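1. got a sequence here, can you model it:
(one chain, ligands or ions: 1)
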Amino acid sequence: MKNIIALGGSTSKKSINKALAVYAASQLKNVDLTVLDLNDFQLPLYSVDIELEEGMPSETKRLNAAFDKADGFVVSLAEHNGAYTAAFKNAFDWLSRINGKVWREKPVLLMATSPGARGGLTVLEIAAGRFPYMGAQIAGQFSLPSFFDNFKEEAVVEGELKADLFAQIDLFQKAIDL
Ligand SMILES: Cc1cc2nc3c(=O)[nH]c(=O)nc-3n(C[C@H](O)[C@H](O)[C@H](O)COP(=O)(O)O)c2cc1C
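-> Numbers count the residues shown, from 1 in each chain. All right, here's what the predicted structure looks like:
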């Protein structure tokens, strides 16, 4: 069994990205799935001074330990003003101080969604450009536009988008099964 982390890049209690990440990860076969919620990690706002004066926060170490155990990551990024949410960037910055290969050279299914027509494509492209330098083997990529039209009752309902997503999930499944 492969250990897979599903993560929404958001701290919204009703995060649509968490919903998409959980939905996509739930399609995988023969995996132990851990759903991480950034709300469950009380990370201070990154500061070089905190790191120097207080060391690595225990909550950062706890999140890092979860990443250590993963054989792959299903991530859906929320987009705030064309970029990562502050919460995701903060967690990512802390993690990168322990291990620059945040994604551990493991397969990543990289996604984004938003209520708008671009579906978080801007942050998705930023991450797709950057994550490989941080140890991500991007095995699949998918943006779900107009979330509330295309995702209902915890599933993607639009046919072409669903087929595209399932093709990306299949690529990710093959990568973790290698
Ligand atoms: C401060 C802020 C900035 C936002 N900027 C964008 C944006 O640049 N592009 C976009 O598609 N949606 C934007 N949105 C809308 C988010 O996509 C929407 O809130 C979505 O639900 C966020 O994902 P989440 O539910 O997983 O947190 C923004 C929302 C907020 C609160």
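2. can you give me the strands in this protein?
-> 2-9, 31-36, 72-77, 79-80, 83-84, 106-113, 136-144, 151-152, 155-156 (DSSP state E).
3. in space, what's closest to Val31 - neighbours in sequence excluded?
-> Nearest residue to Val31, sequence neighbours excluded (C-beta to C-beta, 6 or more residues apart in numbering): Ile4, at 4.5 Å. Placement of C-beta: from N, CA and C, glycine included.
4. who does that neighbour form a beta bridge with?
-> Leu33, Gly72 (DSSP bridges).
5. list the contacts of the top helix by length along the chain.
-> In the chain, taking DSSP state H as the definition, the longest helix is helix 159-177. With contact meaning C-beta atoms under 8 Å, 6 or more residues apart in numbering, helix 159-177 is reached by 2, 4, 24, 27-31, 71-72, 74, 106-109, 111, 137, 139-142, 144-145, 150, 155-156.
6. let me know the outermost residue of the chain.
-> Glu53 (29.9 Å; C-alpha atoms, centre = their mean).
7. what score does it have for pLDDT?
-> As predicted, Glu53 sits at a pLDDT of 97.
8. equivalent analysis for Pro145, please.
-> 98.
9. pull the contacting residues for it.
-> 113-114, 116-119, 121, 161.
10. now swap in Glu51 and tell me
-> Arg97.
11. the one 5 residues further on now?
-> With C-beta under 8 Å, 6+ apart as the criterion, the residues that contact Met56 are 94, 97-98.
12. now, of these, which are buried?
-> Buried members of the contacts of Met56, scored by 16 or more other C-beta atoms under 10 Å, are Trp94.
13. what about Met134, distance to the ligand?
-> Per C-beta to the nearest ligand atom, to the nearest Å, Met134 is found 21 Å from the ligand.
14. thanks again, I'm all set now.
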